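**Q** Would you be able to build a 3D model of this:
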Amino acid sequence: MPTNAVVDASVLVSAFLFPHSVPGDVIACAREELYQLYLSPILIEEVRRSLMNARLKDAYGYGEDAVSAWCRELEALGKMVEELPTIPPICRDPDDDHVIAAAVAAQATFIVTGDKDLLELSHYEGIRILTARAFVDAIANLS
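**A** So this is what the prediction gives:
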């Protein structure tokens, strides 16, 4: 049975922009079924909103169709956590608590993120909070 992980929007956006990077490797590991990717509607919307930023679209030369296709691909690849549990405020940025709530709901082993506010926690209720690089290394060691 694969490990469960919630991958934050920061990593998912980077994986879209740079598919042959460490964040791209995080998604490749999910495709290879080395872990089970979990997402929430809030995470997918965050990815969509970030990638629809005009500056990013202009800088990287992609359009709305590519963003929609990426979000559909993520939804097909991962399992969706529809209902997030109510948790006490945990993160110094309360806007990040939904990521932790999704991980709790998914009974995740890991949260994968580039967000410093989440990374500074390092863990929550047995869920390890790792960078994309540390996660890819951890998954390699589990195989």
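
**Q** what is the mean pLDDT for the helix or strand where A66 lies?
**A** Under the criterion of DSSP states H and E, A66 resides in helix 64-77. Helix 64-77 shows a mean pLDDT of 97.

**Q** again, but for stretch 105-115
**A** Here stretch 105-115 scores 96 as its mean pLDDT.

**Q** Next, the buried residues of it.
**A** Neighbour-count burial for stretch 105-115, counted by 16 or more other CB atoms under 10 Å, picks out A105, A106, A108, T109, F110, I111, V112, T113, G114, D115. To be clear about C-beta, it is placed using only N, CA and C from the backbone, and glycine gets the same treatment.

**Q** Send me it as CSV with only the CA atoms.
**A** Extracted C-alpha coordinates of stretch 105-115, given in CSV (Å, rounded to 0.1, in the frame of the first residue of the first chain):
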residue,chain,number,x,y,z
ALA,A,105,-8.4,13.9,6.4
ALA,A,106,-6.2,11.8,4.0
GLN,A,107,-4.4,10.2,6.9
ALA,A,108,-1.3,11.3,5.1
THR,A,109,2.2,10.5,6.1
PHE,A,110,3.6,13.6,4.4
ILE,A,111,2.9,17.1,3.3
VAL,A,112,5.1,18.2,0.4
THR,A,113,5.5,22.0,0.2
GLY,A,114,7.8,24.8,-0.6
ASP,A,115,5.9,27.1,1.8
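
**Q** Contacts for it, please.
**A** The contact list for stretch 105-115 (CB atoms under 8 Å, 6 or more residues apart in numbering) reads 3-8, 10-11, 14, 23, 26, 35, 38, 40, 79, 81, 83-85, 93, 96, 99-100, 102-103, 118-119, 124, 126-132, 135, 138.

**Q** and the residue of the chain most remote from its centre, what does it touch?
**A** Using CA atoms, centre = their mean, the residue of the chain lying farthest from its centre is D58. It sits 23.7 Å away. Applying CB under 8 Å, 6+ apart, we find D58 in contact with no residue.

**Q** end-to-end on stretch 87-99?
**A** Using CA to CA, to the nearest Å, one end of stretch 87-99 lies 11 Å from the other.

**Q** What are the buried residues along it?
**A** Applying a neighbour-count criterion of 16+ other CB under 10 Å, one finds I87, I90, C91, D96, D97, H98, V99 buried in stretch 87-99.
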